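> I'd like to go over a predicted model; first the sequence, then the structure.
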Amino acid sequence: MTQAEIFETFRTRAESVSAEVHHFARKGAALDFILEFLCKEAVNNDAPFLALWADCPFLNGLDKSLLAGKVPNLSFDVTRDLAASARVGISQMDWALANTGTLVQDASAVAQRLVSTLPNIHIAIVHSSEIVADLPAFLTKADPKRAAYISMITGPSRTADIERVLTIGVHGPERLIIVAVDELGEMN
Amino acid sequence: MRKEFTDSINKALHNSNLTGALGRFSEAYRVSRAKAYEGIDFEAVRTQVAERKSYAASHLDELAETFTRKAEASGATVFRTSSPEEVRQYILKLARENGVESIVKSKSMASEEIHLNDFLVKSGISVRETDLGEWIVQLAKQRPSHMVMPAIHMTKEEIADIFGKEVDEPLTSDIPKLVKFARGQMRPKFLAAGMGITGANIAVAETGSLVIVTNEGNARLVTTLPKIHVAIVGIEKLVANFEDITPILTALPRSATGQLLTSYVSIISGPVPNTDGTVKDLHIILMDNRRTAMSQDPKFKQALQCIRCASCLNVCPVFRLVGGHVFGKVYTGGIGTILTAWFGALKESDEIQSLCIQCGNCTQVCPGKIQIPDLILELRRRLAVEHGQPLVQKAAFSVVNNRRLFHSILRAGSLAQKPFSKDGFIRHLPLFLSEMTDFRSLPAIAEKPFRDTFKTIDQPKSKEKIAFYAGCLVDFAYPEIGESVVKVLNNAGIEVVFPEGQTCCGAPARYSGAYEVAAQNATDNIEAMLKEDVHYVVSPCPTCTVALKQDFISTFESLGKSDSLPGARELASKVIDFSTLVKKLVDEGRLTFKEGKQLGKFTYHDSCHLKRTLKVSNEPRELLAKAGYEAVEMYEADMCCGMGGSYSLKLPEISAPILERKLKNIKDADVPLVLMDCPGCMMQIRGGMDKACSATRVEHTAQRLAQALENTGSKRTAH
């Protein structure tokens, strides 16, 4: 499979489990999308708005204070208390698996887990070239010695425990928004 | 059977929430499971799962040691114990030492196995199940009715009531709102808990890793927010290598819920930072609780290959009627019966093992390749050895073991039944026998058994001879099937011999755990059948065929009667079922059907032993198509009809609704004729049709094939 075909499989599979997938060639466009999304969320809700962005390679070379100025209540300081009240959490995933539409992350750092478990919405950034074919392909790369907490995420939190009716958003996020970016290097 | 047990069965059967939900689920499950496995070689995957888990089961001690070393090297504390009490005390001590007042748990069967919640609550610690279904069941003070869907027996209205009591206000039964309510109620508990308890789906020795699979995301919170994480792991969850995760994670979500992967999979390989910057206090409890003993039992070792997907429950015709509560224990369904016998005591499986109808559906889907029905039979055998058989059963089998007595009683029965029988059916029996004819009529015992009729058939003399094994139903209830078989074989120029010494195949005894009786039946039959110098022994009954081909050997093996094995193997090599033999004769051009016949529509019912044990399902369909019949497939054609030999007599309350479903599926096929290869199924389905006053004909494949053959009459000369 070419990388483009791998991506399309990933998109189809992720969408089939209710993830929302957005694909950008360049980092700048991806950033614009995220900021715009956050601004809309901030306005559209009555509840107090807070977005938390966990440290990640995507933020390299970006001026955090400048970003924070563009969105009301965007914070890069991830704490347990803030995460518990945040509406949106943003983090970057390390890999993805095409044939199940899965995101994979070394989530040893607690901030990575907080922003992807507690908020209602999780925005997950992934580098398109890090999408591999499937679970076995990933497990050969994975190194549990270095990553003590590997997190795999396939769609938003779900349950069918009441009358077998599929319901999204039990304990984890009710929306999973995947932002796939081809080039993560320079802004332009 | 105790009255409490039959009462619990009847209660479940009359709970329409339960039977409705389970019934709909079993239908949807078939479809979603098949879709999830699209593009995947299930046989290859399950072979890998079975091999890796089997390896682990043979090396439990070694893997537990490696796991301990690796996990401790990465900073975890590992506690190995064989005793449930020590697990409970360990957790209590840990909680007390750290001032833990409340605990959040994600789903852990191992913790339920040792009744941990009750213990901790009694010790003054609050314990909250966080899996939605488990929480509902916890609030309702019930037990899970299904391993994967604990609250499947409850309606949204009942759940709204239970939730409403928590906050003292009425709640709507809107499901998304109920789920939101649960999220809101649970959040403060997650944030306040001093300890999180999980199970693990896989424990990897090579790396000291735990793999935890959930959909709701509760395990991620349980392992992230509290400062202490305790994982309770049954040692059967151990695998040797990190790459062993692949086949198990490929099979588990697909088999459990028809998903390609669950929403969340966490692989934890050591303590990680807490939210306050300290390091997680990670305790892994490797619990034995008789698993090592199980691994040392040559028969039951394979049960450790279970990955707890519950697919054996989902395809079980009995489970979908009665659900999990009748099992009375933590583990339910087929595999649950086996685990209960081991993790508890053999005696605890005494009643629940009788629920298995031996249809074999579970063997088709088990990702661990566990022969669940065989293991349940083995439980039955050991129970019979340990506790003896019921007296009535013992008396009955002592008759079956004496062919002359058994057959003369059957002949006497033909006369005794006269007041009750009409048009070949017994529709009502008096007194305690009445249950037997409540839901289906029974066939009247034939006036003349087939062994007598056989002597009057004019057969062509031939050098080529085949021995006929009738089985009791054909011999004494449906001799016409025997006549059809002889007619078909004569048509191919083959002379049929009927060894007089043949008797009951022993299946009723074996399936009741009375192996000594079954062994005597086997010995008598082997002697009778091997007297004839024939290439084939054919039977129109799949259950008898399986008995002669496989069960005789396995019964002797179980009893250590190795002297009897050569004879059993010789007979087994000659035995063939009717349709397979006829298909062979047709393929060789020795049998031809009348040309250009259009004989109408029929639907075919697959018998359990024929389809799943003998792997025969296309042969009768192809033959009937060649003969000129047009097949209309019914829904769930290969689902058990509820007969199960003596099952329908022992548990008529379960046999009846299974039959009812089968009759409905036949009716929905909208054809005048239903065919099958098994006289047992025929007895059940025909009896049900008679009770329903249905005009649908119920016949054996042999009867229709015999009519459709090109008549080579010249061969039918007199002696």
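Yep, that arrived.
> Chain neighbours aside, what residue packs nearest to the residue in chain B positioned nearest to chain A?
The nearest approach of chain B to chain A comes at residue B:217, 2.7 Å away (Cβ to the nearest Cβ). Backbone N, C-alpha and C define where each C-beta goes, glycine included. With sequence-adjacent residues excluded and distances taken as Cβ to Cβ, 6 or more residues apart in numbering or on different chains, residue B:217 is closest to residue A:172, at 2.7 Å.
> Near that neighbour, how many other residues are there?
If you count neighbours by other Cβ atoms under 10 Å in any protein chain shown, residue A:172 ends up with 28.
> Over to the one 5 residues further on?
Using other Cβ under 10 Å, residue A:177 has 20 other residues around it.
> Using the three-state scheme, assign it.
strand (DSSP: H, G, I helix; E, B strand; the rest coil).
> mind listing what it touches?
A:19-20, A:22, A:37, A:121-124 (Cβ atoms under 8 Å, 6 or more residues apart in numbering or on different chains).
> Dig out what the spatially most central residue of chain A forms beta bridges with.
Taking Cα atoms, centre = their mean, the centroid of chain A lies closest to residue A:124, which sits 1.1 Å from it. Taking DSSP bridges as the rule, residue A:124 bridges to residue A:91, residue A:178.
> what's the spacing between it and chain B?
Separation of residue A:124 from chain B (Cβ to the nearest Cβ, to the nearest Å): 13 Å.
> pretty sure that residue is touching residue A:176, no?
Yes. Contact criterion Cβ atoms under 8 Å: residue A:124 and residue A:176 qualify, at 6.5 Å.
> Pull up the overlap in contacts between the two.
With Cβ under 8 Å, 6+ apart, residue A:124 and residue A:176 have common neighbours residue A:153.
> mind listing the strands in the stretch 351-500 of chain B by residue range?
B:421-422, B:425-426, B:442-443, B:465-468, B:495-497 (DSSP state E, counting those that start in this stretch).
> Could you dump these into CSV with mean pLDDT and mean neighbour count added?
Converted to CSV, these look like this (pLDDT from 0 to 100; neighbours: other Cβ atoms under 10 Å in any protein chain shown):
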stretch, mean pLDDT, mean neighbour count
strand B:421-422, 82, 14
strand B:425-426, 84, 19
strand B:442-443, 87, 22
strand B:465-468, 97, 23
strand B:495-497, 97, 18
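> quick one, which of these is nearest to residue B:607?
Residue B:607 sits nearest to strand B:442-443 of all these, at 16.7 Å, using Cβ to Cβ.
> Can you name the residues in contact with the closest one?
B:424-426, B:429, B:436, B:473, B:477-478, B:683, B:686-687.
> If we use 6 Å, what do you get?
Identification of contacts with strand B:442-443 by Cβ atoms under 6 Å, 6 or more residues apart in numbering or on different chains yields B:426, B:477, B:683, B:687.
> What about the residues you listed, which are in helices?
Among the contacts of strand B:442-443, DSSP state H puts B:683, B:687 in helices.
> Out of the contacts of strand B:442-443, which comes closest to residue B:668?
Once Cβ to Cβ is applied, the member of the contacts of strand B:442-443 that ends up nearest residue B:668 is residue B:687, at 19.6 Å.
> and that closest one, how many neighbours does it have?
Residues near residue B:687, counting by other Cβ under 10 Å: 24.
> same deal with residue B:388?
10.
> ranges for the strands of the stretch 151-300 of chain B?
B:195-198, B:202-204, B:209-214, B:228-234, B:238-239, B:264-268, B:281-287.
> right, so of these, which gets closest to residue B:637?
It is, among the strands of the stretch 151-300 of chain B and with distance given as Cβ to Cβ, strand B:209-214, at 33.8 Å.
> quick one: which of the strands of the stretch 151-300 of chain B is nearest residue A:129?
strand B:264-268 (22.6 Å).
> which element is residue B:706 on?
Per DSSP states H and E: residue B:706 is located in helix B:701-708.
> What of residue B:615?
Judged by DSSP H and E, residue B:615 forms part of no helix or strand.
> Work out the gap between the helix ranked longest in chain B and the centre of the chain.
Selection of the longest helix in chain B by residue count, based on DSSP H, yields helix B:16-36. Relative to the centre of its chain, helix B:16-36 is centred 16 Å away, using Cα atoms, centre = their mean, to the nearest Å.
> which of the residues in that helix are buried?
In terms of neighbour count (16 or more other Cβ atoms under 10 Å in any protein chain shown), helix B:16-36 has its buried residues at B:18-19, B:21-22, B:25-26, B:29-30, B:33, B:36.
> Spatially, which residue comes closest to residue B:363, not counting chain neighbours?
Counting by Cβ to Cβ, 6+ apart, residue B:363 lies nearest to residue B:371, which is 5.9 Å off, once chain neighbours are set aside.
> Can you pull the phi and psi angles for the one you found?
Per-residue torsions, residue B:371: phi -90, psi 80 (degrees, to the nearest 10).
> List the contacts of the closest residue to chain B within chain A.
Per Cβ to the nearest Cβ, residue A:172 is where chain A lies closest to chain B, at 2.7 Å. Residue A:172 sits next to A:117, A:157, B:217 when contact means Cβ under 6 Å, 6+ apart.
> so the second one touches residue A:169, yeah?
This means residue A:157. Yes. Counting by Cβ atoms under 6 Å, residue A:157 touches residue A:169, with 5.5 Å between them.
> Strands along chain A, start to end?
Secondary structure of chain A by DSSP state E: the strands cover A:20-26, A:51-53, A:74-75, A:88-92, A:95-97, A:102-106, A:121-127, A:131-132, A:149-153, A:158-159, A:167-168, A:175-183.
> Using pLDDT, spot the least trustworthy of the contacts of strand B:442-443.
Within the contacts of strand B:442-443, the minimum per-residue pLDDT falls on residue B:426 (82).
> contacting residues for that residue?
Contacts of residue B:426 (Cβ under 6 Å, 6+ apart): B:420, B:442, B:444.
> Any regions of chain A where pLDDT drops low?
By pLDDT under 70, the weakly predicted segments of chain A are A:186-188.
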